[in-house]
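**Student:** How does the following fold in three dimensions:
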Amino acid sequence: MRTWIKRAPNLGASALFFAAICALTLFTGVVEAAVTISGTPNTRFGTNSWYSFQPTASDPASKTALRYSITNKPNWAKFSTSTGRLEGATPATAGTYSNIRISVRSSTGTASLPAFSIQVYSGTSGDGGTTNRPPVLSGTPTTSVTAGSAYSFRPTGSDPEGRTLTWSITNRPSWATFSTTTGALTGTPSASNVGTFSNIVISASDGTNRTSLPAFNIAVVAQGSSSGSASLSWTPPTTNTNGTQLTNLAGYRIYYGTSPSSLTRTVQLSNAGLTRYVISDLSPATYYFSIRAYSSTGAESSGSNVVTKVVQ
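**Tutor:** Numbers count the residues shown, from 1 in each chain. A predicted model of the protein is given here:
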């Protein structure tokens, strides 16, 4: 059955669904952060070696996914904003890369590792030097299942050096089991499990390096129900709240739920260029949506006006 979007109060005729999201609020006050981050990066590596470091962070009180950021990233390395991993092949020329700082942000605050340097010296052996490359993973999980039906997803993974992989998972659905040997996620949800299980991340480690698949959701749909979707669109912000030009927009977070005062489900979009997104696998209910923008430093805007859609 096709459903239609309810327009938010006071939206102009030209608004598709959302009003323009609020400009980013720059946090200038001191916030006591519940989020923690730890880890000791290697600081001396040989040329033409593979560098890899991933910190450990947690925040039991956070209602949103942890997001990582970095300052003074070496130009030969890549950085994951979802895992905090800094990795890459060191250059052929010796040099020192200074004042590198990795931070993590949650809904409760921000925490940072002490700033560190990476000295790249001539040679591939010695302190910290390694040619061990991280595992390579692939696979696209199914993102919905009907209550009472079996769910199964098994990713594919290999290690360039042939090491045995150990698999792990975060935010495993309560109705599913997970194999640390194969990475398989299997289970049969019941009617009591109807809903969306969010931010599931499957990873594999070779004992030194770890690689993760992109986070995904699984929507459990009630038997006999028709699932619906909500098409959202917005106007990206261009300025900060102080009127200066916004230059570090990193993406958006969509918050939604079945109560306007409890938007407990989250979709994170790590693409500043997006202006439209479809949330699918919605079981029949009235849903409420709000969107926020976030910057590469972790600053998050205030929410847009809350809008609704009835899925029948």
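**Student:** And the strands in the stretch 201-312 of the chain?
**Tutor:** Applying DSSP state E, counting those that start in this stretch to the stretch 201-312 of the chain gives strands spanning 210-212, 216-221, 228-233, 249-257, 265-269, 276-282, 285-295, 307-311.
**Student:** List the neighbouring strands of the first one plus their orientation.
**Tutor:** Using DSSP bridges, the strands paired with strand 210-212 in its sheet are strand 195-205 (antiparallel).
**Student:** returning to what we had before: tell me which of the strands of the stretch 201-312 of the chain sits nearest to residue 138.
**Tutor:** Proximity to residue 138 (C-beta to C-beta) singles out strand 210-212 among the strands of the stretch 201-312 of the chain, at 10.2 Å. Glycine gets a C-beta too; all of them are placed from N, C-alpha and C.
**Student:** Please list the residues outside the closest one that contact it.
**Tutor:** 54, 80, 82-83, 85, 134-137, 157, 201-205 (C-beta atoms under 8 Å, 6 or more residues apart in numbering).
**Student:** thinking again about what came up before, got the strands of the stretch 201-312 of the chain as a markdown table, with mean pLDDT and distance to residue 153 columns?
**Tutor:** Below are those laid out as a markdown table (pLDDT from 0 to 100; distance: least, C-beta to C-beta, whole Å):
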| stretch | mean pLDDT | distance to residue 153 |
| --- | --- | --- |
| strand 210-212 | 88 | 15 |
| strand 216-221 | 85 | 9 |
| strand 228-233 | 80 | 21 |
| strand 249-257 | 89 | 23 |
| strand 265-269 | 86 | 19 |
| strand 276-282 | 79 | 15 |
| strand 285-295 | 88 | 26 |
| strand 307-311 | 83 | 25 |
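**Student:** To residue 111, which of those strands lies closest?
**Tutor:** strand 285-295 (16.4 Å).
**Student:** And that closest one, what's buried?
**Tutor:** Buried residues in strand 285-295, defined by neighbour count with 16 or more other C-beta atoms under 10 Å: 287, 288, 289, 290, 291, 292, 293, 294, 295.
**Student:** Quick check, the last one in contact with residue 250.
**Tutor:** Yes. Counting by C-beta atoms under 8 Å, residue 250 is a contact partner of residue 295 at 5.6 Å.
**Student:** The residue positioned nearest the centre of the chain and residue 41, how far apart?
**Tutor:** Taking C-alpha atoms, centre = their mean, the centroid of the chain lies closest to residue 82, which sits 4.5 Å from it. Shown here: residue 82 relative to residue 41, a distance of 18 Å by C-beta to C-beta, to the nearest Å.
**Student:** Mind checking which of the contacts of strand 210-212 are buried?
**Tutor:** By neighbour count, with 16+ other C-beta under 10 Å, these hold 54, 82-83, 85, 134-135, 137, 157, 201-205 as buried.
**Student:** Need the max-distance pair from those residues.
**Tutor:** 82 and 157, at 17.8 Å, using C-beta to C-beta across the buried ones among the contacts of strand 210-212.
**Student:** Tell me which of the strands of the stretch 201-312 of the chain sits nearest to residue 146.
**Tutor:** strand 216-221 (5.2 Å).
**Student:** and the angle for that closest one with strand 195-205?
**Tutor:** Interaxial angle, strand 216-221 versus strand 195-205 (axes from the mean of the first three to the mean of the last three C-alpha atoms, to 10 degrees): 150 degrees.
**Student:** contact partners of strand 216-221?
**Tutor:** Against strand 216-221 from outside (C-beta under 8 Å, 6+ apart): 141-147, 151, 173, 175, 189, 193-200, 227, 267, 280-283.
**Student:** 6 Å instead, please
**Tutor:** 141, 143-147, 189, 193-198, 200, 227, 281, 283 (C-beta atoms under 6 Å, 6 or more residues apart in numbering).
**Student:** which ones are touching residue 268?
**Tutor:** With C-beta under 6 Å, 6+ apart, residue 268 has these contacts: 65, 253.
**Student:** was I right about residue 191 contacting residue 148?
**Tutor:** No. Using C-beta atoms under 6 Å, residue 191 is not in contact with residue 148; the gap is 7.2 Å.
**Student:** ok now do the residue nearest to the centre of the chain, which residues does it touch?
**Tutor:** Per C-beta under 6 Å, 6+ apart, neighbours of residue 82: none.
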